[in-house]
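Chemist: Take this sequence and fold it.
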Amino acid sequence: MTHTFDTAVLAAEKLRCAAMLVGDIAALETLLDPRLQFHHATGAVDDKPAYLAKMSAGRITYVAIEWSDERVIALGDDAAVLVGRMVTDVRVEGADKRLNNRVTTVWSSNAGAWRLVVFQSTPL
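Modeler: Predicted structure coming up:
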């Protein structure tokens, strides 16, 4: 694929991270696909309603997110996998955690709008 394709996927991920950091549920609503499967580093899995409910209730609060080694793998014109390393400072149920993970995400585009379909994190 093209540099533009990669840039679009990375831009969508940047918007998602920014929304998570400020707890912008409305922005997340548009960036998360209805089919979302969010696999936490603990092994727990949330669908879109469950994940947004946790965010809305303050059960998950993101403090810092840092990507490195990111790479976009095109799966066609409207799907991509974004892989890399993510260090996240997060407060879960009131407990502060620093997560150092390998991350795989799957993105889908519909009419030019990229949405996260799958998030999978594996602790390093």
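Chemist: Buried ones in the helix ranked longest in the chain, by neighbour count?
Modeler: As assigned by DSSP state H, the longest helix anywhere in the chain is helix 3-22. Within helix 3-22, the residues scored as buried using 16 or more other CB atoms under 10 Å are 6, 8-10, 12-13, 15-17, 19-20. From N, CA and C alone the C-beta is placed, and that goes for glycine too.
Chemist: ranges for the helices of the protein?
Modeler: Listed in chain order, the helices of the chain (DSSP H) span residues 3-22, 25-31, 48-56.
Chemist: ok, back up a step: how much does the longest helix of the chain deviate in direction from helix 48-56?
Modeler: The directions of helix 3-22 and helix 48-56 differ by 50 degrees, with axes from the mean of the first three to the mean of the last three CA atoms, to 10 degrees as the criterion.
Chemist: roughly how far is helix 3-22 from the heart of the chain?
Modeler: 9 Å (CA atoms, centre = their mean, to the nearest Å).
Chemist: what mean pLDDT does that helix have?
Modeler: Mean pLDDT, taken over the full extent of helix 3-22, equals 95.
Chemist: Show me what it is packed against.
Modeler: helix 25-31, strand 60-74, strand 79-92, strand 95-110, strand 113-123 (3 or more CB pairs under 8 Å, 6 or more residues apart in numbering; DSSP states H and E).
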